[in-house]
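Trainee: quick one, structure for this:
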Amino acid sequence: MTYSDAFLRDVLKRTKTIAIVGVSANEIRPSFYVARYLKLKGYRVVPINPGLAGQKLLGETVYGDVADVPDDVDMVDIFRRSEAVPAIVSASLERWPNLQTIWMQIGVSHPEAAAQAQVRGVDVIQDRCPKIEYQRLFGELRMGGFVTGIISSKL
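Mentor: Okay, here's the model as predicted:
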């Protein structure tokens, strides 16, 4: 699956609130540090994990299911196995009629669920990480020794 940089940049710029399904409270888990990073970048992160429901994580209440979230979100970021994706996509489309993006993390994809969302006008990104894409597209990977190809005047 390939996505243009312009498409990914547009998704990241227009998104304000992200529901992260499968987020962990364990600080060394990728889902935690992705959630923390996105929050630090100014996104509102709504954590979803049935095992943590009712607790606080990164200053937000954790919900057990997308159906439990009282607020609207722009993006659903899925940190679950590919076989769990169809149920998450269906529930997300039902819960948020104006959902803009379904994002599946690295190693996660489901073509049928993606097609279901796309038919509804929802953008779908599979097998990618919004943290990595944000860093790559907005010139932050250079701080880790990566060449991004983006010229910046930042020191």
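Trainee: how close does the residue lying closest to Glu27 once chain neighbours are set aside sit to Val11?
Mentor: Of all residues beyond its chain neighbours, the one nearest Glu27 is Tyr33 (7.1 Å), with distances taken as CB to CB, 6 or more residues apart in numbering. Every C-beta, even on glycine, is put in place using the N, C-alpha and C of the backbone. Counting by CB to CB, to the nearest Å, the gap between Tyr33 and Val11 amounts to 20 Å.
Trainee: show the pLDDT at Asn154.
Mentor: Careful, residue 154 is Lys and not Asn. In this prediction, Lys154 carries a pLDDT score of 54.
Trainee: residues in contact with the residue nearest to Ile106 when sequence neighbours are not counted?
Mentor: Spatial nearest neighbour of Ile106, excluding adjacent residues (CB to CB, 6+ apart): Cys129 at 5.2 Å. The contact partners of Cys129, by CB atoms under 8 Å, 6 or more residues apart in numbering, come to Pro30, Val34, Gln105, Ile106.
Trainee: what about Tyr33, how many residues nearby?
Mentor: As a burial measure, Tyr33 scores 14 neighbours (other CB atoms under 10 Å).
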